[in-house]
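> generate a structure from the sequence data that follows.
(one chain, ligands or ions: 2)
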Amino acid sequence: MNTYRQHSGTSNSDSDNDGEKHPKIPERQSSVTSKRRVTFSSNNVNGISSPTKVRPRRLRTTSRSIDERISFCGRNPIYTAGRPAWYDASGEIKEAFVIGICGGSSSGKTTVAENIVEKLNVPWVTLLSMDSFYKVLTAQQHEQAKATNYNFDHPDAFDFELLLETLRNLKMGKQVEIPLYNFTTHSRETYTVKIKKILYGANVVIFEGIMSFVSKDILKLLDMKVFVDTDADIRLARRLERDISERGREVEGIIQQYTRFVKPSYDHYIAPTMAYADLIVPRGGENQIAIDLIANHVNRELHNRGVKVRNELVHRSDIMCDLPMPSTFYIIEQTAQVKYLHTIIRNKDTDRDEFIFYSKRLMRILFEYALSLLPFENVTVETPQGLIYHGKKHVYSDVCGVSIVRAGECLEPALTEVYKDAKIGKILIQTNQQTGEPELHYLRLPRDIANTYVLILDATIATGAAALMAIRVLLDHNVPQEKIALLSLLVSKQGVHTIAYAFPKVKIVTTACDTQLDHNTGFICPGLGNFGDRYFGTDFIGYSSDTDDTPTSINGNGSFQPCTPESPLSDSRKFLNES
Ligand SMILES: Nc1ncnc2c1ncn2[C@@H]1O[C@H](COP(=O)(O)OP(=O)(O)O)[C@@H](O)[C@H]1O
Ligand SMILES: Nc1ccn([C@@H]2O[C@H](COP(=O)(O)O)[C@@H](O)[C@H]2O)c(=O)n1
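Ligands and ions are numbered 1, 2, ... in the order given. Sure, this is the predicted structure:
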């Protein structure tokens, strides 16, 4: 009986190390958290501004990603803060929470959006502006626009198809490219903003625009709809001020455009969509109570949707224990020799040198066995005697080991000993001490990972939470499940079931499988202790922990010190194919 469901194996288009050239994005677009200058000005008439927030000229659209938590090593992004699971305990991706903000021009939509972002205090927020989706104008329309004769306030002015596709992708956590719009030239820039790290960046998307509630398809994607309702005279006053200072316009043209297009459009298209709103915010960005309400609601939603992967895995483990082992599970033959090696490394009295020596022997056996599971094809070679030998060769020549830092790194040398051209990638996953959940902290993969056969390396698989995250990352980088194998010296039965349930095509290869998992500590029983601690000799100095699968924290404050004398993390030579 096959107890494992079929998995869609979704893979998102994303590549961390794609080395593509990205245009230098003007500071304004790169982050919403860059603070606006606040100055005191005397022009506080009509409630427009007091104090006036002087914005830099906004010549272009505001779609952008908040990605301060990602720093770069060369062109390779590094995750400097832990990304909690973006999928559930079955490996399925969880959708982002999308807030739609609608309202007339200059009603304060952008201001409200930015204030929500500040209040939310979630680093994983992306702003998407409808301005980015103005259609590209023909030469004739360009002339009309210059003469204030083109209707930018009609639904036809927007590329709804592209907008819908972009929003759908953002909701699914996929990478998107956003056109940049220039209000001065009425045209798209030749380059786009690639919201590059959306995949592990956005769990909240804020989408704002004058027609954001006009399309039924878009409405369906919005989890929360907010309408910013600001008096028409204030909107006009703000628009005058903004269009002159930020969009290079003249008063006469602004008034002409307003009376001819902006006002009728508001009355005809925009105001009626107020009926779709869950919340109407009078006065826009100055309405702190409304901003607080929205932020609180979103925080609650995020909390409720919060993925408790590890927790759920531990609770599921009892049910899973009785299942037959999946067909994707491979264990080396349990010979007396293999048992002998395990006896040494499992013995608490084995000293570090012996531990390293004998675990390395086991690793070699593990890799030889794992490589034998890769597909082969027939070949013939000529021997020195001039005779033909009918042999085999691997179908995949590119093999990549992706180690789950830190314990997984111990397996790297053994991999390159048996497969000398293996590429190496690394993933650092740690347990959040407050939530107990795994978090992604660091990721470095070869650029062409999707074309390789990937061996995920970890010393032990206990709950399977870290392995689940590592596999999800690889799928997100377009590595198909069929080309992923998870290699470990010791696994728990529960961990195997967890992985096989979520990813039924991923191979799990090991040298031993223990049946028990301690619910309190998460340790495999009888187990071998904390592999990384014993291997790196850190078991007595309070610095420790390997992956989410080893229950102790790195040093209590979650910081990571990668380069111990034995740790190959410092060996950058192995990052093949990276720039
Ligand atoms: N509460 C406010 N008080 C004063 N000026 C504001 C306020 N809200 C927005 N503005 C200004 O009005 C202009 C339009 O605001 P914005 O948030 O960009 O509106 P929208 O995105 O709806 O077009 C901007 O120049 C902004 O600085
Ligand atoms: N080339 C363009 C494009 C759009 N507009 C006006 O922008 C308004 C929408 O932007 P908000 O930030 O105010 O929501 C819309 O009312 C258009 O009239 C423009 O003037 N020139």
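> please make it C-alpha for all contacts and neighbour counts, starting now.
Will do.
> residues from this structure in reach of ligand 1?
48-49, 53, 105-111, 238, 242, 284-286 (Cα under 6 Å from any ligand atom).
> quick one, phi psi at Asn182?
Note on Asn182: backbone dihedrals following degrees, to the nearest 10 are phi -110, psi 110.
> run a quick check on it versus Lys135, I expect a contact.
No - judged on Cα atoms under 8 Å, Asn182 makes no contact with Lys135 at a distance of 11.7 Å.
> other SSEs contacting the helix or strand hosting Tyr501?
For Tyr501, the host element (DSSP states H and E) is helix 493-502. Secondary-structure packing of helix 493-502 (3 or more Cα pairs under 8 Å, 6 or more residues apart in numbering; DSSP states H and E): helix 309-320, helix 465-476, strand 516-517.
> got a list of contacts for the shortest one?
In other words, strand 516-517. Applying Cα atoms under 8 Å, 6 or more residues apart in numbering, the contact partners of strand 516-517 are 462-463, 492-494, 523-526.
> need these in JSON lines (columns: pLDDT and neighbour count).
Formatted as JSON lines, the contacts of strand 516-517 follow (pLDDT from 0 to 100; neighbours: other Cα atoms under 10 Å):
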{"residue": "Ala462", "pLDDT": "89", "neighbour count": "30"}
{"residue": "Thr463", "pLDDT": "85", "neighbour count": "35"}
{"residue": "Ser492", "pLDDT": "92", "neighbour count": "26"}
{"residue": "Lys493", "pLDDT": "92", "neighbour count": "26"}
{"residue": "Gln494", "pLDDT": "88", "neighbour count": "30"}
{"residue": "Phe523", "pLDDT": "83", "neighbour count": "23"}
{"residue": "Ile524", "pLDDT": "90", "neighbour count": "28"}
{"residue": "Cys525", "pLDDT": "89", "neighbour count": "16"}
{"residue": "Pro526", "pLDDT": "93", "neighbour count": "13"}
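> turn the residues you listed into TSV, including distance to Ala275.
Below are those laid out as TSV (distance: Cα to Cα, whole Å):
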residue	distance to Ala275
Ala462	51
Thr463	48
Ser492	54
Lys493	54
Gln494	50
Phe523	55
Ile524	56
Cys525	59
Pro526	62
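> could you tell me the least trusted of the helices and strands packed on helix 493-502?
When mean pLDDT is averaged over each of the helices and strands packed on helix 493-502, helix 309-320 scores lowest at a mean of 66.
> immediately after it, which helix or strand?
Helix 309-320 is succeeded, C-terminally, by strand 329-331 (DSSP H and E).
> what are the buried residues along that following strand?
Across strand 329-331, burial judged by 16 or more other Cα atoms under 10 Å covers 329-331.
> from those, which is closest to ligand 1?
Phe329 (54.6 Å; Cα to the nearest ligand atom).
> partners of the nearest residue to that closest one once chain neighbours are set aside in the sheet?
Excluding the flanking residues, the one nearest Phe329 by Cα to Cα, 6 or more residues apart in numbering is Ile508, at 4.8 Å. Under DSSP bridges, the beta-bridge partners of Ile508 are Phe329, Leu486.
> neighbours of Ile508, how many?
Other residues within reach of Ile508, judged by other Cα atoms under 10 Å, total 27.
> that one: what's it in contact with?
Residues near Ile508 by Cα under 8 Å, 6+ apart: 328-330, 485-488, 496.
> let me have those residues in TSV, extended by pLDDT.
Converted to TSV, these look like this (pLDDT from 0 to 100):
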residue	pLDDT
Thr328	96
Phe329	97
Tyr330	98
Ala485	97
Leu486	98
Leu487	98
Ser488	97
Val496	93
